[in-house]
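Asker: need a 3D model of the sequence below.
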Amino acid sequence: MKKSNIFRLIGIALIVAAMVFTMACKKDAGRQQPSASSAAQQTVAASEAAAPAPVSVTGVTISKATLSLNEKATETITATAAPADAENKAVTWSSSNTGVATVDAAGKITAVKAGKATITVITTDGGKTAACEVTVTAAAAPAGVIPAGIYVSLPSKFSDARGFEFSGNTYRTGLDSGSGLVWEGISGTYTAKNGILYLNYRLTPESEEYTREIPYTLSGNRLTTTDEGMETVHTKR
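Answerer: Residues are numbered from 1 along each chain as shown. Prediction:
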């Protein structure tokens, strides 16, 4: 075989070998390089794996466990969720007896009337709770004023039950014959000073005003009067 043919064959073999090698490299590169979507998924997965898990609430405390208020008074208490780095610290407030005390979304308590109520806070995350026991006391009447209401005595063998009704600086009296109070007594304005009820009244709308003085004591819901030597205890309804 001529030398020229031999060189030609060697050249062709080298070219074929180079082509085979190039194709093999491309296939290998295709196997090693992920697609664009696959790369994006791997990036998201890596990001999620690196992000710290949200911190959950493990408990809640309240600024006051007990609270005493007079009627109509207000006070705001606070709740603190734990731990300090908890992600969701939202809470909800509620009252066990809204007729005694109410609470708003900010923890502001309003005393409504005398009695007891439990104010509870609960966390949105985990449902953790804490409570404040609230005692509401009837507001003291201003000096010289009997707390508004109806005060009725028990009947005796000498007379039916007697009653007073006070409102502001006015009063009226009546009898309770068993079927309810009948307001047929005197009425007018009054003052209460140094243990004496000064009851102002008129016999007729046109007559002059008289004042009747009746010694009294007031203890809670019990009004005790001494009229013409007879002591009578009236209990507030």
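
Asker: in this structure, where is pLDDT below threshold?
Answerer: Within the chain, the segments meeting pLDDT under 70 span 1-50, 139-143, 155-160, 176-181.

Asker: show me where it has its helices.
Answerer: Remark: helices assigned in the chain by DSSP state H are 3-32, 36-50.

Asker: how about the residue positioned nearest the centre of the chain, nearest residue that isn't a chain neighbour?
Answerer: The centroid of the chain falls nearest to Val103 when counting by C-alpha atoms, centre = their mean (3.0 Å). Nearest in space to Val103, with sequence neighbours left out and distances taken as C-beta to C-beta, 6 or more residues apart in numbering, is Trp93 at 4.5 Å. All C-beta spots, glycine's among them, are computed from the backbone N, C-alpha and C.

Asker: pretty sure the one you found sits against Thr118.
Answerer: No: between Trp93 and Thr118 there is no contact under C-beta atoms under 8 Å: 11.3 Å.

Asker: more crowded one of those two?
Answerer: Neighbour tally, Trp93 and Thr118, criterion other C-beta atoms under 10 Å: the higher count belongs to Trp93, 20 against 14.

Asker: who's in contact with that one?
Answerer: Going by C-beta atoms under 8 Å, 6 or more residues apart in numbering, Trp93 touches 79, 103-105, 107, 119-121.

Asker: rerun at 10 Å
Answerer: 62, 77, 79, 102-109, 119-122, 132 (C-beta atoms under 10 Å, 6 or more residues apart in numbering).

Asker: which of the residues you listed lies closest to Phe166?
Answerer: Proximity of those to Phe166 was ranked by C-beta to C-beta; the top entry is Thr102 with 27.3 Å.

Asker: wait, what's in contact with the residue nearest to the closest one when sequence neighbours are not counted?
Answerer: Spatial nearest neighbour of Thr102, chain neighbours left out: Thr110 (5.0 Å); criterion: C-beta to C-beta, 6+ apart. By C-beta under 10 Å, 6+ apart, the residues touching Thr110 are 69, 71-75, 95, 98, 101-104, 136.

Asker: and Thr80, how many neighbours?
Answerer: Using other C-beta under 10 Å, the number of residues around Thr80 comes to 14.

Asker: sorry, that was for Ala131
Answerer: The local packing of Ala131 (other C-beta under 10 Å) involves 15 other residues.

Asker: surely it and Val103 touch.
Answerer: No: using C-beta atoms under 10 Å, Ala131 is not in contact with Val103; the gap is 11.2 Å.

Asker: could you name every residue contacting both of the two?
Answerer: Both Ala131 and Val103 are in contact with 94, 119-121, where contact means C-beta under 10 Å, 6+ apart.

Asker: quick one: buried ones out of those residues?
Answerer: Buried by 16 or more other C-beta atoms under 10 Å: 119-121, out of the shared contacts of Ala131 and Val103.

Asker: any idea how far the longest strand along the chain is from the middle of the chain?
Answerer: What stands out as the longest strand in the chain, according to DSSP state E, is strand 209-219. Its chain's C-alpha centre and that of strand 209-219 lie 43 Å apart, by C-alpha atoms, centre = their mean, to the nearest Å.

Asker: then stretch 84-100?
Answerer: Relative to its chain's centre, stretch 84-100 lies at 7 Å (C-alpha atoms, centre = their mean).

Asker: list the buried ones in it?
Answerer: Neighbour-count burial for stretch 84-100 flags 86, 89, 91, 93, 95, 97, 100 (criterion: 16+ other C-beta under 10 Å).
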